[in-house]
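K.L.:
have a look; sequence and predicted model below, questions after that.
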Amino acid sequence: MGAGLVALAAVLWGTWSLVLRPSGLPPIQQAFLSLLVMASPLPFVIRRAPFADRGAVVALLVLGVADAGSCVLYFAAIDRGPVAVAVLTHYLAPILVTLAAPLLLGERRSRRALAAAILSLAGIGLLVWHPGEGTSLPTAGLGAASAVFYALFVFAAHRAGRSFKPLAVLALHALVSAGLILLVFGAGAIPAAGPGALRVALGTLACGVAATTLFFKGVTLIPAAVTGALTYLEPLTAALVGSFAFAESIGLTGLLGVVLVLSSGVAVATET
């Protein structure tokens, strides 16, 4: 049951491009609207007691900043395409977390993670390099930048989750993220009512709220190593979506890059 829930969540996350690309909205508006929808469970999950933990409250604020940056950059990467490049560079985050954990959390240093980081960079290089054609370097840069913010998100979520329940963490941080985007970009972050906005809102219920709820439920039933490995169904799904829905060709060189990135991530996720 736990493995199935996490796997389904990862597959749903991998279909974000089906929601975002046809909407016609700019990435800033997509990010603002999706975060606003993810904050919608707030009235049902808010409790006063967890706010007594000041460290958890600070972590929630950091979480909000991190996810705002991650969403804007990630959605911009998907908007530019190719989808496989956007998602796989975003999935540098688990390796960044493993590399940074010894410094931030005092965890054991991992030689496997260091080797995996090098192989992942090589894999991404193969993905973005197309001899005789244009490169996907801008997309890769946006995806990699989103991975840095998402790595920060993971550390902050770890601390916030000590006092706040998962759905409360989801809703509270999303409200902070949406507010920050509105503060920085002003009225330009607010999408006009129409089919595009409705598509993003409804899609977020599936790819955001439902997927995250399934994920939070599933992770309590299976080991962390299994969770880490199963989440790599997201970039696999995204690569298939890019190929079949948007006719994005990966090619043999790119396919080798996909294999390097995915195998590196799974190797880190399954390390004991």
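P.N.:
Sure thing, it's come through. Fair warning: this is a prediction, and the values are worked out from it, not measured in the lab.

K.L.:
rest of the way, CA atoms for contacts and neighbours
P.N.:
OK.

K.L.:
now the helices for the stretch 151-272 of the chain?
P.N.:
In the stretch 151-272 of the chain, helices defined by DSSP state H, counting those that start in this stretch lie at 166-185, 195-204, 211-219, 224-230, 233-245, 251-269, listed in chain order.

K.L.:
for the third one, buried residues please.
P.N.:
Residues of helix 211-219 classed as buried by neighbour count (16 or more other CA atoms under 10 Å): 211, 212, 213, 214, 215, 216, 217, 218, 219.

K.L.:
what is the rounded mean pLDDT of that helix?
P.N.:
The average pLDDT within helix 211-219 is 79.

K.L.:
between helix 166-185 and that helix, find me the angle.
P.N.:
Taking axes from the mean of the first three to the mean of the last three CA atoms, to 10 degrees, helix 211-219 and helix 166-185 form an angle of 140 degrees between their directions.

K.L.:
what does helix 211-219 rub up against?
P.N.:
The set of residues external to helix 211-219 that reach it, using CA atoms under 8 Å, 6 or more residues apart in numbering, is 1-6, 8-10, 12-13, 166-167, 227.

K.L.:
turn those residues into TSV, columns for distance to residue 158 and pLDDT.
P.N.:
What follows is these, written out as TSV (distance: CA to CA, whole Å; pLDDT from 0 to 100):
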residue	distance to residue 158	pLDDT
1	23	78
2	20	78
3	21	78
4	23	84
5	20	86
6	18	80
8	22	90
9	19	87
10	19	84
12	23	93
13	20	87
166	10	81
167	14	84
227	15	65
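
K.L.:
neighbours around residue 48, how many?
P.N.:
Using other CA atoms under 10 Å, residue 48 has 6 other residues around it.

K.L.:
ok, now residue 247?
P.N.:
Residues lying near residue 247 (other CA under 10 Å) number 11.

K.L.:
now tabulate the helices of the stretch 151-272 of the chain in CSV and tack on distance to residue 123.
P.N.:
Supplementary listing: the helices of the stretch 151-272 of the chain in CSV, determined by distance: least, CA to CA, whole Å:
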stretch, distance to residue 123
helix 166-185, 31
helix 195-204, 30
helix 211-219, 27
helix 224-230, 18
helix 233-245, 13
helix 251-269, 4
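
K.L.:
any idea which of the ones you listed scores lowest on pLDDT?
P.N.:
Of all those, mean pLDDT reaches its minimum on helix 224-230 (a mean of 62).

K.L.:
pLDDT score assigned to residue 66?
P.N.:
91.

K.L.:
got the angle for the host helix or strand of it vs helix 233-245?
P.N.:
For residue 66, the host element (DSSP states H and E) is helix 54-80. Note on geometry: by the same axes, to 10 degrees, helix 54-80 and helix 233-245 are set 20 degrees apart in direction.

K.L.:
could you list the buried residues of helix 54-80?
P.N.:
Taking 16+ other CA under 10 Å as the neighbour-count basis, helix 54-80 is seen to contain the buried residues 56-57, 59-80.

K.L.:
among the helices of the stretch 151-272 of the chain, which comes closest to residue 22?
P.N.:
helix 195-204 (7.5 Å; CA to CA).
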